[in-house]
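Chemist: Everything below, folded, please.
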Amino acid sequence: MILGRALRVLRDRAGFTQDELAERIGIDLTYVSRVERGKRGVRWHTVLRFLRALGADLRQLADAIAEVEKQDPPSKR
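Modeler: Take a look at the predicted model:
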């Protein structure tokens, strides 16, 4: 899932581990992991919680999505 991978890019840039992010958001570590790996869907409200915890905005998320899309050919999506 491109969204999950983009959230991981933002998390890496912010310098947080999955555990630190989960604690900041108040959710389970396994949920963060599953979202980032595309194994779990995520509601818009939760995306906003991720962004707030990471100190990121929608523009940065859009840029991260574009970056992830450039890394993968369409056949791998």
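Chemist: So, low pLDDT: which residues of the chain?
Modeler: The chain contains residues with pLDDT under 70 at 73-77.
Chemist: The residue nearest the centre of it: what's it in contact with?
Modeler: Residue closest to the mean C-alpha point of the chain, counted by C-alpha atoms, centre = their mean, is L7 at 1.6 Å. By C-beta atoms under 8 Å, 6 or more residues apart in numbering, the residues touching L7 are 35-36, 47, 50, 54, 61, 64. For the C-beta atoms, the positions are set from N, CA and C on the backbone; glycine is no exception.
Chemist: Quick one: those as TSV, columns for distance to A22, secondary structure and neighbour count too.
Modeler: Listed next are the contacts of L7 as TSV, based on distance: C-beta to C-beta, whole Å; DSSP: H, G, I helix; E, B strand; the rest coil; neighbours: other C-beta atoms under 10 Å:
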residue	distance to A22	secondary structure	neighbour count
V35	10	helix	23
E36	11	helix	23
V47	15	helix	16
F50	10	helix	24
L54	12	helix	21
L61	18	helix	20
A64	19	helix	22
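Chemist: Need those in a markdown table (columns: distance to L3).
Modeler: Listed next are those as a markdown table, based on distance: C-beta to C-beta, whole Å:
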| residue | distance to L3 |
| --- | --- |
| V35 | 8 |
| E36 | 9 |
| V47 | 7 |
| F50 | 10 |
| L54 | 14 |
| L61 | 8 |
| A64 | 9 |
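Chemist: from the residues you listed, which is closest to K70?
Modeler: A64 (10.8 Å; C-beta to C-beta).
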